[in-house]
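> the following block contains a protein sequence and its predicted model.
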Amino acid sequence: MNNLIDKARHLPMRSPVKTISIDPVSLDAPFRSQPLEMRITAPVEGTNLPIVLLSHGDGPSLYLPSKDGYGPLASFLAGQGFAVIQPTHANSKIAGLPHSEPGAPLFWRMRVNEMKHIIDQLDAIEAMTPILSGRLDHDRIAAVGHSMGGQTVAMLLGARLTDAKRPEDTDVSVIEPRIKTGVLLAPPGRGGDDLSDFARENFSELNPDYSHLSTPSLVIVGDQDVNPFMTVRGAEWYRAAFEDGPGVSHLLNLVGGQHGLGGIAGYDAKETGDEDPDRLAVVQRATSAFLHSHLNDDDPSWSQTQKVLETNAAALATVETK
């Protein structure tokens, strides 16, 4: 029960189940100079658990961009029946790779490889965490990513990338067909002239081509997500994946939402300028509903969510469909 939620209480959700957080889980990764650290949050009971790979962003905090962040989202999704695996990506301040290594500071290619490696090693992950042994459904895998994590997930879902500063990174495709669906939370928009001078000079890998994003996906953005540090465009910059991606069927636009999307990265986090329990609940419930409906053919959660947003919660968010 959450007494802080008002209008979002009308959005459908399952009765939360008891969950457990397993931390740390350390996975050998030969393509990295150090093991990959993860947190896994999952229901205490049940089998055939669908898997969510949750990719963190590259925010200013020390700990939130790691396996230790995004508790509001990870805990909620686990309570809704998912096994949530959170890698600490190479760009993390707390346990990432030194910036002297190739690909720094965002390590876009390494981030993709880390997500693929987790899928490759699901049997090993179950073996090292006996409480999960035999309980994960390896055929129902989804991915969710915020900000830079949104671009990471988008590439796994089919988006491509060209980095003008790295000739070897031209029209790169790293699609991962084992991931069946995904949710992109405030993913970066188009590169080139849409970037600020600083971003174009320092983050040239922020140049996604969403026209190849073919996997069924949802994009969630905030209509007040204005970031002149990264883009000369306003909040509309973050709509690119929806506008260009053939697999992106819906855009959820949060009224008053900024880049923190109501507080998905952490409870009472100072960097969340738009912290709001209702807004956070919309993101939580919409993400869960979309994933359940796209991993289970007969699950009506997403259509029910859309209907409620159109009637009882239109002041919180709007849904665009194409």
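Noted; the coordinates are in hand. Residues are numbered from 1 along each chain as shown.

> just to check, Thr231 is in contact with Asp197?
No. The criterion here is Cβ atoms under 8 Å, and Thr231 misses it with Asp197 at 10.8 Å. All C-beta spots, glycine's among them, are computed from the backbone N, C-alpha and C.

> among these two, which residue is more densely surrounded?
Applying other Cβ atoms under 10 Å to Thr231 and Asp197 shows that Thr231 carries more neighbours, namely 24 against 8.

> and the gap between the closest residue to the more buried one other than its chain neighbours and Asp139?
Using Cβ to Cβ, 6 or more residues apart in numbering and skipping the chain neighbours, the partner closest in space to Thr231 is Trp237 (4.4 Å). In this view, Trp237 and Asp139 are 35 Å apart by Cβ to Cβ, to the nearest Å.

> neighbour-wise, which of the two wins?
Trp237 (21 against 11).

> would you say the more buried one is within a strand?
No. Counting by DSSP: H, G, I helix; E, B strand; the rest coil, one finds Trp237 to be helix, located in no strand.

> now the helices for this protein?
71-79, 108-120, 122-128, 148-156, 197-202, 240-244, 277-295, 301-311 (DSSP state H).

> ok, Thr152 - contacts?
For Thr152, the contacting residues are Ser55, His89, Trp108, Arg111, Val112, Met115, Gly145, by Cβ atoms under 8 Å, 6 or more residues apart in numbering.

> tell me the pLDDT of Asp274.
As predicted, Asp274 sits at a pLDDT of 96.

> tally up the residues packed near it, please.
The number of residues near Asp274, taken as other Cβ under 10 Å, comes to 18.

> same check on Thr170?
Thr170 has 11 neighbours, counted by other Cβ under 10 Å.

> go on, the one 4 residues further on?
Val174 is flanked by 17 other residues according to other Cβ under 10 Å.

> shift numbering so it begins at 16
Sounds good: first residue 16 from here, last item Val189.

> what's the spacing between it and Arg181?
On the measure of Cβ to Cβ, Val189 and Arg181 end up 14 Å apart.

> and the strands in the stretch 116-265 of the chain?
With strands called from DSSP state E, counting those that start in this stretch, the stretch 116-265 of the chain shows them at 151-161, 175-176, 187-188, 196-200, 223-224, 232-237, 263-269.

> still on that earlier bit, ok, now how distant is the residue nearest to Thr246 from Lys180?
From Trp252 across to Lys180, the span is 21 Å (Cβ to Cβ).

> likewise for Glu286?
Taken as Cβ to Cβ, the span from Glu286 to Lys180 is 28 Å.

> again with Glu129
Look at Glu129 and Lys180: by Cβ to Cβ, they are 22 Å apart.

> so what's Ser107 closest to, chain neighbours aside?
Nearest residue to Ser107 in three dimensions, chain neighbours excluded: Ser81, at 4.5 Å (Cβ to Cβ, 6+ apart).

> that neighbour contacts Ala105, doesn't it?
No. Using Cβ under 8 Å, Ser81 is not in contact with Ala105; the gap is 11.1 Å.

> identify the contacts common to those two.
With Cβ under 8 Å, 6+ apart as the test, Ser81 and Ala105 both reach Gly111.

> show me which of these two is the more surrounded one.
Between Ser81 and Ala105, Ala105 has the larger neighbour count (other Cβ under 10 Å), namely 27 against 23.

> wait, that one touches Gly111, no?
Yes. Ala105 is in contact with Gly111 according to Cβ under 8 Å; the separation is 5.1 Å.

> which parts of stretch 262-279 are buried?
Residues 262-270, 272-279 are the ones in stretch 262-279 that count as buried (16 or more other Cβ atoms under 10 Å).

> how far does it sit from its chain's centre?
In terms of Cα atoms, centre = their mean, to the nearest Å, the centre of stretch 262-279 is found 12 Å from the chain centre.

> quick one: average pLDDT of it?
On average, stretch 262-279 scores 98.

> likewise for stretch 207-225?
Average pLDDT, stretch 207-225: 96.

> so for it, what gets flagged as buried?
Within stretch 207-225, the residues scored as buried using 16+ other Cβ under 10 Å are 209-211, 214-215, 218-225.

> list the contacts of the residue nearest in space to the middle of the chain.
Centroid-nearest residue in the chain, with Cα atoms, centre = their mean: Gly160, separated by 1.5 Å. Contacts for Gly160 (Cβ under 8 Å, 6+ apart) come out as 69-72, 166-169, 197-200, 202.
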